[in-house]
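Asker: Okay, sequence plus prediction incoming.
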Amino acid sequence: MTQDFYKQRLTDRGIDVVIPDEENIDVVNDIIFKELCVGKIREESRKKVQDIIERLKDKGADGVILGCTEIGLLIHPSDASLPVFDTTLIHAKQAVDKALEA
């Protein structure tokens, strides 16, 4: 996971960014590449990501950006105690809005 893609853009707009520690980044990467990318959705992995979200909340996070297209397959807004921003859905909605303008 390269957290700098969103981090700098958010920081430039005055938003404080909290990211998982290296160990949890590795956990999320493993879930993405070893499970989600091959069509495996595991409840155990959902629990791991929920725990990571709770740790981020404890560190002061007010919301969670799902910055990888596959994460939205595993985590839904009802799975998190913080607001969830699924970048796949956000981009898809913007593309539809743009297409409908024409």
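Answerer: Okay, I see it. All values derive from a computational prediction rather than experimental measurement.
Asker: Going by residue numbers, what spans are helices in the protein?
Answerer: Counting by DSSP state H, the chain has helices at residues 4-12, 22-34, 43-58, 71-74, 87-101.
Asker: The third one: which residues count as buried?
Answerer: Buried residues in helix 43-58, defined by neighbour count with 16 or more other CB atoms under 10 Å: 45, 46, 48, 49, 52, 53, 56, 57. All C-beta spots, glycine's among them, are computed from the backbone N, C-alpha and C.
Asker: Go through these and say which is closest to residue 23.
Answerer: When the buried residues of helix 43-58 are compared for distance to residue 23 (CB to CB), residue 52 comes out closest, at 9.7 Å.
Asker: burial measure for the nearest residue to that closest one once chain neighbours are set aside, as a count.
Answerer: Nearest residue to residue 52 in three dimensions, chain neighbours excluded: residue 24, at 4.8 Å (CB to CB, 6 or more residues apart in numbering). Using other CB atoms under 10 Å, residue 24 has 18 other residues around it.
Asker: how close does residue 24 get to residue 18?
Answerer: To residue 18, residue 24 is 11 Å away according to CB to CB, to the nearest Å.
Asker: Equivalent analysis for residue 63, please.
Answerer: 10 Å.
Asker: Thank you kindly, that will do.
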